[in-house]
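> This is a predicted model, with the sequence first.
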Amino acid sequence: MKKTKTIHSSYTRTLFYLTFCFFLTSCGISKSIHHIPDVKQYPLEVPKVSQINDSTFSYNQNYLTKNKQQLWELYIKGNPLQLGYNNGALTQSLMQKQEGIFFSKVEGFVPSKFKQRLLRGFLKWYNRKMYLNVREDYQAELYGLSQYSSDQYDFIAPKYLRNLYLHGAHDIGHAMQDLAMVGCTSLAVWNENTEDGDLLIGRNFDFYVGDDFAKNKLVEFVQPEEGIPYMSVSWPGMIGVVSGMNKEGITVTINAGKSKIPMTAKTPISLVTREILQYAKNIDEAIAIAKKRKVFVSESILVGSANDKNAVIIEVSPKNFGVYRVQNTSKVLCTNHFQSEAYKDDKRNQKHIEESHSEYRYEKLQELLQEEKKMTPEKMASVLRDRSGLKGEKIGYGNEKALNQLLAHHAIIFSPQKKLVWVSSNPYQLGEFVCYDLNEIFSEKGLQPDDFSKSELNIARDPFADSEEFQNYELSKMYGKEINEAADDKNTLLTNGIIPSYQSMNPDFWLVYYQSGKYYFSKKEYSKAKEAFEKALTKEITTVPDRKNVEKYLKKTLNKLK
């Protein structure tokens, strides 16, 4: 590959989202900037962390350790303020690294000082009510956690507010899902649909903020002073829940719905689901908690319950609320559109079904469950790892119409009645699924770091992760970035073999031909551009807008050839 100019990065959808979140935290002076939660009511002992070995740390029966699958496991207990301090003290280096990864993504895309001032003025107003919509105990926990944040980013916002606002980053990512890759899939099956009749739940969390962001996954086991002990999977610095289960067998997973870009911040959805795990013992209690919180994006919360031996989808948005319950069947499927009666006339939801990849993945779930009549954890992992299209069609690796889009932060499987949970390890959801038993972890016997997982119940690594095809896919992502950059820069030329090589690495994926066509178009090689765009149109294109975009480029190319 020959370059006449060095290009550092491109303005991708995800980075645009990150830039927005960067400014979300850049809130200057406002009424809320002076808010500090009242933490005097909570007894506190500042943790003194002991290092047991290279990857295990402890403080007063609180632990952080890294397992052989490279998952970090955190166990913390105490009152809200103490939870925050214990979390921060144990994960400080990881949390600061995560913060650095996040902000390094946007450093090169900060607009002029003038634009910063304009945007900050808007965002002072945007964030003015967030702290009013977050529980005081969670604010206290965030305050404790924030004491271990990096000083490096204090120019953006004070540590506490920075941590608070970053808990809304997930919501903004979902609201801006046309700009950030978000397409989660979840399902629950029970009775005749599982081998033992027990409730079984699986989900892919397709929230992509770059490969580095997903490296340090954190499996948290939290024993709060009040409420129910629970586990969750996310990243260092996060006290909210995107996937989790409590000791009562209540599970929560969240899937994006179609939202307008929110105009004011309220309760981050991950703190709503955290509250459900900490305080709900059944579905009705989960619904009651969700109903009383004001959210600022549209989201589906799939709730499973051991006590009810059932699952429902709570569908929330700023102006509507619905609950989807199945009738005469023992399975619930959830992608990224709403299904309850409350949203049947919602035009935004209807358009999303027609134009996005959500309905396609929903149909794929139905197809796989027809093939697998009696689900087990191993079969659930196979469903979550499926890379094919409908009827087994090859649609290319990384296609968002696949259940496994090869970008997941994590996948997770719950067996609520047995209190077992399986968490995927890198890469994506292809690595070994590590099993945890909440009955043992939250028992009275006293936990040691080597007691976290039940390795005999782990689910094996997907052989695809070690295949040449997977290596080619990973390489094709790098090529794709360079080709996009070359298309955007008049002075960058690629050597002749690059484009054919790139296409051969992922030959069934429409995007490789679209990106190739854009490169050829930018270099005025219109015959080659025409061939690439026409080839893209023969593949399974992700969304209606994507197809229209390819057609638009083809039309422009044909006009150039006239």
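Done, it's in. Predicted, not measured: the structure shown is a model, and the values here were computed from it.
> What residues sit buried inside the longest helix that the chain contains?
In the chain, with assignment by DSSP state H, the single longest helix is helix 80-104. If you call a residue buried by 16 or more other C-beta atoms under 10 Å, then helix 80-104 has these buried ones: 80-92, 94-99, 101-103. Backbone N, C-alpha and C define where each C-beta goes, glycine included.
> tell me what it is packed against?
Based on contacts counted as 3 or more C-beta pairs under 8 Å, 6 or more residues apart in numbering; DSSP states H and E, the elements that helix 80-104 packs against are helix 13-24, strand 56-59, strand 62-66, strand 72-78, helix 136-146, helix 211-215, strand 218-224.
> how long is stretch 376-394 from one end to the other?
This stretch, stretch 376-394, spans 25 Å end to end (C-alpha to C-alpha, to the nearest Å).
> where does Gly480 land on pLDDT?
Per-residue pLDDT puts Gly480 at 94.
> Which of the helices or strands spans it?
Per DSSP states H and E, Gly480 falls inside helix 468-488.
> Now do the buried residues in that helix.
Neighbour counts over helix 468-488 (16+ other C-beta under 10 Å) mark 470, 472-473, 476, 479-480, 482-487 as buried.
> Report all helices and strands that that helix contacts.
Checking 3+ C-beta pairs under 8 Å, 6+ apart, helix 468-488 ends up next to helix 498-505, helix 510-522.
> and the angle from that helix to helix 510-522?
Relative orientation of helix 468-488 and helix 510-522, computed by axes from the mean of the first three to the mean of the last three C-alpha atoms, to 10 degrees: 30 degrees.
> orientation of helix 468-488 relative to helix 498-505 in degrees?
150 degrees.
> Send me helix 468-488 as CSV with only the CA atoms.
The C-alpha trace of helix 468-488 is given here as CSV (Å, rounded to 0.1, in the frame of the first residue of the first chain):
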residue,chain,number,x,y,z
GLU,A,468,-8.1,-18.5,8.9
GLU,A,469,-11.5,-17.0,8.0
PHE,A,470,-11.6,-15.2,11.3
GLN,A,471,-8.0,-13.9,10.8
ASN,A,472,-9.0,-12.7,7.4
TYR,A,473,-12.0,-10.9,8.9
GLU,A,474,-9.9,-9.1,11.5
LEU,A,475,-7.4,-8.1,8.7
SER,A,476,-10.2,-6.9,6.5
LYS,A,477,-11.4,-4.5,9.2
MET,A,478,-7.9,-2.8,9.1
TYR,A,479,-8.0,-2.7,5.3
GLY,A,480,-11.4,-1.2,5.3
LYS,A,481,-10.3,1.7,7.5
GLU,A,482,-7.3,2.4,5.2
ILE,A,483,-9.5,2.2,2.1
ASN,A,484,-12.0,4.6,3.6
GLU,A,485,-9.2,7.0,4.5
ALA,A,486,-7.8,6.8,1.0
ALA,A,487,-11.2,7.5,-0.5
ASP,A,488,-11.4,10.7,1.6
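> chain center to it: distance?
A distance of 22 Å separates the centroid of the chain from that of helix 468-488, by C-alpha atoms, centre = their mean, to the nearest Å.
> heads up, I number from 7, so please use that
Will do, 7 is the new start, and the previous item becomes helix 474-494.
> related to what we said a few turns ago, including distance to Lys407, mean pLDDT and mean neighbour count, could the helices and strands packed on helix 86-110 go into CSV?
Listed next are these as CSV, based on distance: least, C-beta to C-beta, whole Å; pLDDT from 0 to 100; neighbours: other C-beta atoms under 10 Å:
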stretch, distance to Lys407, mean pLDDT, mean neighbour count
helix 19-30, 17, 47, 21
strand 62-65, 42, 95, 19
strand 68-72, 35, 96, 22
strand 78-84, 32, 97, 23
helix 142-152, 37, 97, 24
helix 217-221, 21, 83, 16
strand 224-230, 29, 97, 22
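> Which one, of these, ends up nearest to Gly246?
Gly246 lies closest to helix 142-152 among these, at 8.4 Å (C-beta to C-beta).
> packing partners for the helix or strand just after the closest one?
Per DSSP H and E, the first helix or strand lying C-terminal to helix 142-152 is helix 165-172. Using 3+ C-beta pairs under 8 Å, 6+ apart as the contact test, the elements touching helix 165-172 are helix 142-152.
> other SSEs contacting the helix it packs on?
On a contact count with 3+ C-beta pairs under 8 Å, 6+ apart, helix 142-152 meets helix 86-110, helix 165-172.
> quick one: the longest one to strand 68-72, angle?
Between the axes of helix 86-110 and strand 68-72, defined by the same axes, to 10 degrees, the angle is 30 degrees.
> can you check the shortest one too?
Between the axes of helix 165-172 and strand 68-72, defined by the same axes, to 10 degrees, the angle is 60 degrees.
> Now do helix 165-172 and helix 142-152, the angle between them.
Using the same axes, to 10 degrees, helix 165-172 lies at 120 degrees relative to helix 142-152.
> Can you get me the centre-to-centre distance for helix 165-172 and its chain?
From the chain centre to the centre of helix 165-172 is a distance of 19 Å (C-alpha atoms, centre = their mean).
> If I look at the closest residue in space to Tyr532 that isn't next to it in sequence, what pLDDT would I see?
Of all residues not flanking Tyr532 in the chain, Lys566 sits nearest, at 4.6 Å (C-beta to C-beta, 6 or more residues apart in numbering). The predicted local distance difference test score for Lys566 is 94.
> just to revisit the earlier point, so can I have TSV of the helices and strands packed on helix 474-494 showing mean pLDDT?
Formatted as TSV, the helices and strands packed on helix 474-494 follow (pLDDT from 0 to 100):
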stretch	mean pLDDT
helix 504-511	96
helix 516-528	97
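> I'd like these laid out as TSV, including mean neighbour count and distance to Thr544.
Shown next, in TSV, are the helices and strands packed on helix 474-494 (neighbours: other C-beta atoms under 10 Å; distance: least, C-beta to C-beta, whole Å):
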stretch	mean neighbour count	distance to Thr544
helix 504-511	17	13
helix 516-528	23	8
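> Adding distance to Lys385, write those helices out as TSV.
Converted to TSV, those look like this (distance: least, C-beta to C-beta, whole Å):
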stretch	distance to Lys385
helix 504-511	30
helix 516-528	29
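> Which residue, neighbours along the chain excluded, lies closest to the residue nearest the centre of the chain?
Geometric centre of the chain, nearest residue: Phe213, 2.7 Å, by C-alpha atoms, centre = their mean. Nearest residue to Phe213 in three dimensions, chain neighbours excluded: His415, at 5.1 Å (C-beta to C-beta, 6+ apart).
> from the chain's centre, how far out does the helix or strand hosting Gly328 sit?
For Gly328, the host element (DSSP H and E) is strand 326-330. Offset of strand 326-330 from its chain centre (C-alpha atoms, centre = their mean): 22 Å.
> Would you mind listing the buried residues in that strand?
Buried residues in strand 326-330 (16+ other C-beta under 10 Å): 327-330.
> Against which helices or strands is that strand packed?
helix 289-298, strand 316-323.
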